[in-house]
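**Student:** below is the sequence, then the predicted model.
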Amino acid sequence: MNKRLYDLVIVGGGPAGLAAAHSAKLNGAKNILVIERDRELGGILQQCIHNGFGLHRFHQELTGPGYAQRYIKLVQEHPEVEVLLDTMVLEVKQNKTVLAVNPELGVFEVQAKAVIFTMGCRERTRGAIRIPGKRPAGVFTAGAAQRMVNMEGYIPGKKIVILGSGDIGLIMARRLTLEGADVQAVLEIMPYSNGLTRNIVQCLDDYEIPLHLAHTIVAIHGQDRVTGVTCARVDANMKPIAGTEFDIECDCVLLSVGLIPENELSEEVGVSLDTKTNGPVVDQRRQTSLTGFFAAGNVVHVHDLVDFVSEEGEIAGKYAALYAQGKLPENYRTINILAENAIRTVVPQKIVLDHASIDPVRLFMRVGKPEEKLLVEVVGAQGKVLATKRLPIAKPGEMIVLEIPIDKFADAGEFVVVTTRQAVKA
Ligand SMILES: Cc1cc2nc3c(=O)[nH]c(=O)nc-3n(C[C@H](O)[C@H](O)[C@H](O)COP(=O)(O)OP(=O)(O)OC[C@H]3O[C@@H](n4cnc5c(N)ncnc54)[C@H](O)[C@@H]3O)c2cc1C
């Protein structure tokens, strides 16, 4: 039996996948299949019932489900976009055969002309950070607790300690306080928080929840259920300092200790991954190292704002649609983008030049640690500066975006370096 043939198969129906489907449709893709393993579209946004979404894109403060719904509606307006829910993609092959499973069809295959990976991220767990102690109930990732509280209607505990001050941990500190739990403290191993400044203020300061920087949990106590944790200050190498230990009584520990882009499918098919972002190496069209395979959203690099996720999904959708129609212009040159000094990651990692590109290139960057008065420079061949940006403050949690007209890359050489120096005036 012939497999069904689609112009485009999109793996993951979160904001990146939805934006990609909408944009692919607008750019001429005929039949598009979005495969989502969850029971509904919208991805992680469905459990983020706080506001703060869509400020850039819609100039409005939306909740996560509110933002998701706008894109779900856009996608539903196109009858050519088919959606399979409750369906897990198991494997994608280099010939673009997609193997999936669901309760109705069992295991099945479809054939795509182009594939977009938009599988998002998953959270690091207790096992990933190896906290000693027994294995009592009451240890959750912050995202799992968020789903439990906001979607299933359960509270994970009453006296809570949160490890990690990323945005999910901060938002859950507020959420659980509003649900009547007593959030004892947020502990952060780094000497600074990884969350957005607005979340530190609105989720901790406003509720007088203490944030202990340069601290970690050294033991979790309890036999059947968590009864408490031992915490300690850490040194410059993040090692606990003997003699600084103190105990906090609690019945629940939430871990907000980092996100890992979900790239098992991409890796297995042979897409090259960037060791710093843990996502695929992409060009400005979001094409990966494998022709006809594109990627967008948190699977490429962890985003702080969903507006950028949608932007990336739109780019991937547009160029995947062009590829599927045989209209993607051929590259005649590739320029690699290298990160230096304070810049830890840059996406895209390469720029391709062709005879038709006119869209400006937007570089998305993150610093490795908080910096003040930073001058970001994009430097081409013979030290020619292609673009600059002054930043009074740069934080690892907040994305730096720099737009460069494509023609600036014309005489850039084989690579371009994104570097930093201290700005005299920022
Ligand atoms: C707790 C939290 C708070 C946030 N707060 C804000 C905020 O206030 N403002 C803001 O702008 N942004 C916020 N963000 C960021 C933003 O929500 C995310 O960056 C965005 O949702 C990522 O979109 P995505 O489509 O890449 O991934 P996701 O939303 O994770 O979607 C990926 C989808 O792929 C599916 N999938 C994965 N693997 C498979 C497979 N093999 N087969 C089928 N389906 C698969 C998953 O089920 C999921 O639905 C927050 C994020 C989190 C986690």
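**Tutor:** Alright, I've got the coordinates. Numbering: from 1, shown residues only.

**Student:** for the longest helix anywhere in the chain, list the C-alpha coordinates in CSV.
**Tutor:** Ranked by residue count under DSSP state H, the longest helix found in the chain is helix 306-324. What follows is helix 306-324 as a C-alpha-only set of coordinates in CSV (Å, rounded to 0.1, in the frame of the first residue of the first chain):
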residue,chain,number,x,y,z
VAL,A,306,7.0,32.7,22.6
ASP,A,307,6.9,35.6,20.2
PHE,A,308,10.4,34.5,19.0
VAL,A,309,9.3,30.9,18.8
SER,A,310,6.5,31.9,16.4
GLU,A,311,8.9,34.0,14.4
GLU,A,312,11.2,31.0,14.0
GLY,A,313,8.3,28.7,13.2
GLU,A,314,7.2,31.1,10.4
ILE,A,315,10.6,31.1,8.9
ALA,A,316,10.9,27.3,8.9
GLY,A,317,7.4,27.0,7.5
LYS,A,318,8.1,29.4,4.7
TYR,A,319,11.3,27.8,3.5
ALA,A,320,10.2,24.2,4.0
ALA,A,321,7.1,25.0,1.8
LEU,A,322,9.4,26.5,-0.8
TYR,A,323,11.6,23.4,-0.6
ALA,A,324,8.7,21.0,-1.0
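
**Student:** what residues does the stretch 101-250 of the chain have near the ligand?
**Tutor:** If contact is defined as CB under 6 Å from any ligand atom, the residues of the stretch 101-250 of the chain in contact with the ligand are 118, 119, 120, 121, 143, 146, 167, 168, 171. Yep, even glycine has a C-beta here, placed from its N, CA and C like the rest.

**Student:** let's go with 8 Å and repeat that
**Tutor:** Those residues of the stretch 101-250 of the chain that sit near the ligand, judged by CB under 8 Å from any ligand atom, are 118-121, 142-143, 146, 167-168, 171-172, 196, 199.

**Student:** and the helices in this structure?
**Tutor:** According to DSSP H, the chain carries its helices in the segments 15-26, 64-76, 126-129, 142-147, 167-178, 197-199, 264-269, 306-324.

**Student:** and the longest one, how far out from the chain's middle?
**Tutor:** Remark: helix 306-324 is offset 15 Å from the chain centroid, using CA atoms, centre = their mean, to the nearest Å.

**Student:** could you shift the numbering so residue one becomes 10, and keep it that way?
**Tutor:** New numbering, starting at 10: the last item is helix 315-333.

**Student:** and the angle for the longest helix of the chain with helix 24-35?
**Tutor:** Between helix 315-333 and helix 24-35, the angle comes out at 40 degrees (axes from the mean of the first three to the mean of the last three CA atoms, to 10 degrees).

**Student:** same for helix 315-333, what does it pack against?
**Tutor:** strand 13-20, helix 24-35, helix 73-85, strand 115-126, strand 302-304 (3 or more CB pairs under 8 Å, 6 or more residues apart in numbering; DSSP states H and E).

**Student:** what is the least confident helix or strand in the protein?
**Tutor:** Across the helices and strands of the chain, mean pLDDT, DSSP states H and E gives its lowest value to helix 135-138, namely a mean of 84.

**Student:** what residues sit buried inside it?
**Tutor:** residue 135 (16 or more other CB atoms under 10 Å).

**Student:** ok so, going back, kindly reformat the helices and strands packed on helix 315-333 as TSV containing distance to residue 212 and mean neighbour count.
**Tutor:** Shown next, in TSV, are these (distance: least, CB to CB, whole Å; neighbours: other CB atoms under 10 Å):
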stretch	distance to residue 212	mean neighbour count
strand 13-20	32	24
helix 24-35	22	29
helix 73-85	15	19
strand 115-126	31	21
strand 302-304	31	30
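
**Student:** which of the ones you listed sits closest to residue 281?
**Tutor:** strand 302-304 (10.6 Å; CB to CB).

**Student:** can you list contacts of the closest one?
**Tutor:** Residues external to strand 302-304 that are found in contact with it (CB atoms under 8 Å, 6 or more residues apart in numbering): 29, 101, 105, 123-127, 275, 278, 280, 288-289, 291, 294-297, 325, 328-329, 332.

**Student:** what's near enough to touch the residue nearest to residue 198 when sequence neighbours are not counted?
**Tutor:** Nearest non-adjacent residue to residue 198, counting by CB to CB, 6 or more residues apart in numbering: residue 225, 4.7 Å away. When contacts are counted by CB under 8 Å, 6+ apart, residue 225 touches 172, 196, 198, 240, 241, 243, 247, 249.

**Student:** what subset of these is buried?
**Tutor:** Neighbour-count burial (16+ other CB under 10 Å) is assigned, among those, to 172, 196, 198, 240, 241, 243, 249.

**Student:** select from those every entry located in strands.
**Tutor:** With strands taken from DSSP state E, the overlap with the buried ones among the contacts of residue 225 comprises 172, 196, 240, 241.

**Student:** report pLDDT for the third one.
**Tutor:** When you say that, I think you mean residue 240. Residue 240 carries a pLDDT score of 97 in this model.

**Student:** swap in the second one?
**Tutor:** Residue-level confidence at residue 196 comes out at 97, pLDDT.

**Student:** before we move on, the earlier item: and the contacts of residue 225, which is closest to the ligand?
**Tutor:** Each of the contacts of residue 225 was checked against the ligand using CB to the nearest ligand atom; the closest is residue 172, at 15.2 Å.

**Student:** hmm, that closest one is touching residue 199, no?
**Tutor:** No. Counting by CB atoms under 8 Å, residue 172 does not reach residue 199; the two are 11.8 Å apart.
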